[in-house]
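have a look; sequence and predicted model below, questions after that.
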Amino acid sequence: MIIVKDLAKGFAVPKSGQLTQCKRLDPRLQEGFFNSVQSVSFRVRPGEVLGLLGPNGAGKTTVLRMLSGVLSPDRGSIEINGRHWHQHPERMRRQIGFLSASTSLYERFSVEENLIYFGQLYGLSRAQIANRIHTLSDQLELASFLQRKVVELSLGMKQRAGIARAVIHQPEVIVLDEPTTGLDIMSAQAVLDFILSQKQRNRPVIFSTHKLEEVSLLCDRIAVVMLGRCVFEGSLTEFAGSRDPGALRQAFVACQQRISRSVGRTRGAA
Ligand SMILES: Nc1ncnc2c1ncn2[C@@H]1O[C@H](COP(=O)(O)OP(=O)(O)OP(=O)(O)O)[C@@H](O)[C@H]1O
């Protein structure tokens with residue numbers, strides 16, 4: 001079980017001469033500081049797929065980067081299977097497989113060389129690495145470009161290789177940031193099948209996406225983040241009355257309008 005409680009993260013930003021005007025557009029902005037994530041909480045059970053939804057700039061990537069240990073939270077806690085992130089950072093890092101937007105591959109290495117390198121970093125033996133490459137190559141359809149340098153690959157190939165890199169060590173938790181963005185139908189399908197296969201292995205998967213068809217297809221539950229706050233956590237039916245992508249779209253738009261209105265009202269009162 002993953003328990004994320006009240007996460008918050010801010011960044012220092014250059015001071016703006018037009019703070020009032022900028023704050024009107026995004027209330028997270030203070031003088032010289034931007035509260036990217038203000039309060040995000042959710043739970044993910046074993047074998048559950050949680051979709052992290054929200055408009056551009058809502059704070060999804062920042063949340064995923066905190067979950068994977070790339071960023072440390074300013075406040076809040078992350079607990080995985082009864083252990084707190086900050087108490088066992090090294091162990092937690094090994095338990096999480098994180099695909100970021102950059103895929104984190106070495107461009108001058110071939111896909112296979114990357115996988116061997118990252119496998120070695122995680123302390124896997126040669127035989128274990130060869131085994132994992134074989135399995136992942138099947139699951140993510142890497143065989144045709146395993147020997148090619150990453151710099152030569154298409155976006156979809158890089159993305160699939162990036163996922164293989166993220167899970168080479170068989171992490172217990174999989175965290176994917178917009179894993180199908182920019183992929184063609186077959187590449188996206190390979191990624192979706194991979195997520196489903198993790199679910200069948202009872203591994204929790206958390207992924208951010210803007211694609212409601214994917215949410216409908218894959219997610220058991222969703223957490224909706226707007227302006228750095230979790231405004232909904234629950235099942236798709238609780239959110240939209242059904243799993244239908246059209247119903248999800250309507251519920252999402254209504255939710256965003258409600259939040260925008262309430263921010264407007266708060267500002268009016270201030
Ligand atoms: N290092 C940083 N310094 C300053 N601001 C940052 C930093 N990282 C993120 N932000 C800001 O935090 C907010 C949330 O960014 P984040 O990337 O988490 O959003 P997102 O929900 O993933 O958006 P998208 O759907 O567009 O990928 C944005 O306004 C972004 O500009």
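That came through, no problem. Numbers count the residues shown, from 1 in each chain.

where does pLDDT dip in this structure?
By pLDDT under 70, the weakly predicted segments of the chain are 16-24, 265-270.

quick one, strands of it?
2-12, 29-30, 33-44, 49-53, 75-80, 83-84, 96-99, 173-177, 205-208, 221-226, 229-235 (DSSP state E).

let me know which of those strands is the nearest to residue 151.
Closest to residue 151 of the strands of the chain, according to C-beta to C-beta: strand 96-99, at 18.7 Å. For glycine as for every other residue, the C-beta is placed from the backbone atoms N, C-alpha and C.

is there proximity between that closest one and the ligand?
No - using C-beta under 6 Å from any ligand atom, strand 96-99 stays clear of the ligand, coming no nearer than 13.4 Å.

just the C-alphas of that strand, formatted as CSV.
Below are the C-alpha coordinates for strand 96-99, written out as CSV (Å, rounded to 0.1, in the frame of the first residue of the first chain):
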residue,chain,number,x,y,z
ILE,A,96,10.3,2.5,-7.3
GLY,A,97,10.6,2.5,-11.0
PHE,A,98,10.1,6.0,-12.4
LEU,A,99,9.7,7.0,-16.0
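
partners of it, with directions?
Using DSSP bridges, the strands paired with strand 96-99 in its sheet are strand 173-177 (parallel).

chain center to the strand it pairs with: distance?
Relative to its chain's centre, strand 173-177 lies at 5 Å (C-alpha atoms, centre = their mean, to the nearest Å).

just stretch 206-213 next, same as before
The answer for stretch 206-213 is 9 Å, by C-alpha atoms, centre = their mean.

swap in stretch 70-86?
15 Å.

for the residue lying closest to residue 155 once chain neighbours are set aside, what are its contacts?
Leaving aside its sequence neighbours, residue 155 sits nearest to residue 182 (C-beta to C-beta, 6 or more residues apart in numbering; 4.8 Å). By C-beta atoms under 8 Å, 6 or more residues apart in numbering, residue 182 lies in contact with 155, 156, 159.

what do you get for residue 202?
Contacts of residue 202 by C-beta under 8 Å, 6+ apart are 46, 47.

mind pulling up the phi and psi values for it?
phi 70, psi 20 (degrees, to the nearest 10).

distance check, it against the ligand.
Distance check for residue 202 against the ligand: by C-beta to the nearest ligand atom, to the nearest Å, it reads 27 Å.

and if you look at residue 155?
16 Å.

tell me, how many residues neighbour that residue?
13 (other C-beta atoms under 10 Å).

circling back: next step: the contacts of residue 182 restricted to helices.
155, 156, 159 (DSSP state H).

the ligand contacts on the protein?
So the chain meets the ligand at 11, 13, 34, 36, 54, 56, 57, 58, 59, 60, 61, 62 (C-beta under 6 Å from any ligand atom).

so residue 209 makes contact with residue 50?
No - between residue 209 and residue 50 there is no contact, the gap being 11.0 Å when judged by C-beta atoms under 8 Å.

quick check: residue 207 touching residue 166?
No - contact criterion C-beta under 8 Å: residue 207 and residue 166 do not qualify, at 11.4 Å.

joint contacts of these two?
By C-beta under 8 Å, 6+ apart, the residues touching both residue 207 and residue 166 are 174, 176.
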